[in-house]
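Colleague: generate coordinates for the sequence data below:
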Amino acid sequence: MKFLTTREAISYFAELGWSIPSRRSIAYDVNIMGKLPPKNFRVYYDSLNNARPVPSPARYNEVENVFRRYFGLIGANEAKVNEAMEKCHKEIEVILSQPF
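Modeller: Below you'll find the model as predicted:
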């Protein structure tokens, strides 16, 4: 973990286009980010000054667990997308219909 938070590691993954750098200094480094699309890559960091935390919706953890389960089945080719999402929708509908 210590290595993954270094400038070297973050720069490496950013240059591959795998992630938005977690360090602002790297995101604003044109030698690293200037080589990659999109041209407006700084918008993400520029918007952080106006960002506000938003509380998770009620029962989010339950909904997320259901979604991840079906998404995993789809990714492993163990379920067809339409069928899995229909079942997922039904389970989530039950969760969200319960009183808080």
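
Colleague: so where's the protein uncertain?
Modeller: For the chain, the stretches with pLDDT under 70 are 36-38.

Colleague: what about the closest residue in space to residue 15 that isn't next to it in sequence, how many residues nearby?
Modeller: Distances taken as C-beta to C-beta, 6 or more residues apart in numbering put residue 32 closest to residue 15, at 6.0 Å, once the chain neighbours are dropped. The C-beta positions use only the backbone N, C-alpha and C, and glycine is treated the same way. A count of nearby residues for residue 32, using other C-beta atoms under 10 Å, gives 18.

Colleague: what of residue 49?
Modeller: Quick note: residue 49 (other C-beta under 10 Å) scores 6 neighbours.

Colleague: same question, residue 55
Modeller: 6.

Colleague: kindly provide the distance from the closest residue to residue 96 other than its chain neighbours to residue 19.
Modeller: Nearest residue to residue 96 in three dimensions, chain neighbours excluded: residue 59, at 6.6 Å (C-beta to C-beta, 6+ apart). Going from residue 59 to residue 19 by C-beta to C-beta, to the nearest Å gives 29 Å.

Colleague: could you do residue 13 as well?
Modeller: Per C-beta to C-beta, residue 13 is found 5 Å from residue 19.

Colleague: looking only at neighbour counts, state which of residue 59 and residue 19 leads.
Modeller: Using other C-beta under 10 Å, the more surrounded residue of residue 59 and residue 19 is residue 59, with 13 against 9.

Colleague: now do the contacts for the residue nearest the centre of the chain.
Modeller: When C-alpha atoms, centre = their mean is applied to the chain, the residue found nearest the centroid is residue 19 (9.9 Å). The contact partners of residue 19, by C-beta atoms under 8 Å, 6 or more residues apart in numbering, come to residue 13.
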